[in-house]
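Enquirer: sharing a model prediction with you, sequence too.
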Amino acid sequence: MTRTVHCQKLDKELPGLAAPVYPGELGEKIYNNISMEAWQMWLKHQTMLINEKRLNVIEPSTREYLASEMEKFLFGGDYDKPEGYIPPEKSE
């Protein structure tokens, strides 16, 4: 049986993550409050940031940047977007 969460990103009840996807307190917060759908949205956005900004994920500063952006993206905030980025239309 799939567990459901009230997703803070999408503001509706959706299937939750099967297991924590990030360590520590932030990982628990994501597991308890973010849906699988919102997590997949973040993974696509993160990939776009890495590619467009040519980030090296081995560098600690890059990992810190991505963790900060992940929190803003998932829980509300002014997250970074590549230059010229146009978000997809919301489907209802």
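Expert: Nice, I can see it.
Enquirer: what segments of the protein are strands?
Expert: Assigned by DSSP state E, the strands in the chain fall at 4-7, 12-15.
Enquirer: winner for burial among these?
Expert: strand 4-7 (a mean of 16; mean count of other C-beta atoms under 10 Å). Any C-beta I mention is one placed from the backbone N, CA and C, and that applies to glycine too.
Enquirer: quick one: mean pLDDT over it.
Expert: Strand 4-7 comes out with an average pLDDT of 96.
Enquirer: name the helices or strands packed onto that strand?
Expert: The helices and strands touching strand 4-7, judged by 3 or more C-beta pairs under 8 Å, 6 or more residues apart in numbering; DSSP states H and E, are strand 12-15, helix 24-33.
Enquirer: buried stuff in the longest one?
Expert: Buried residues in helix 24-33, counting neighbours by 16 or more other C-beta atoms under 10 Å, are found at 29-31, 33.
Enquirer: in TSV: those residues, plus distance to Gln40 and pLDDT.
Expert: Below are the buried residues of helix 24-33 laid out as TSV (distance: C-beta to C-beta, whole Å; pLDDT from 0 to 100):
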residue	distance to Gln40	pLDDT
Lys29	18	95
Ile30	13	96
Tyr31	15	96
Asn33	15	96
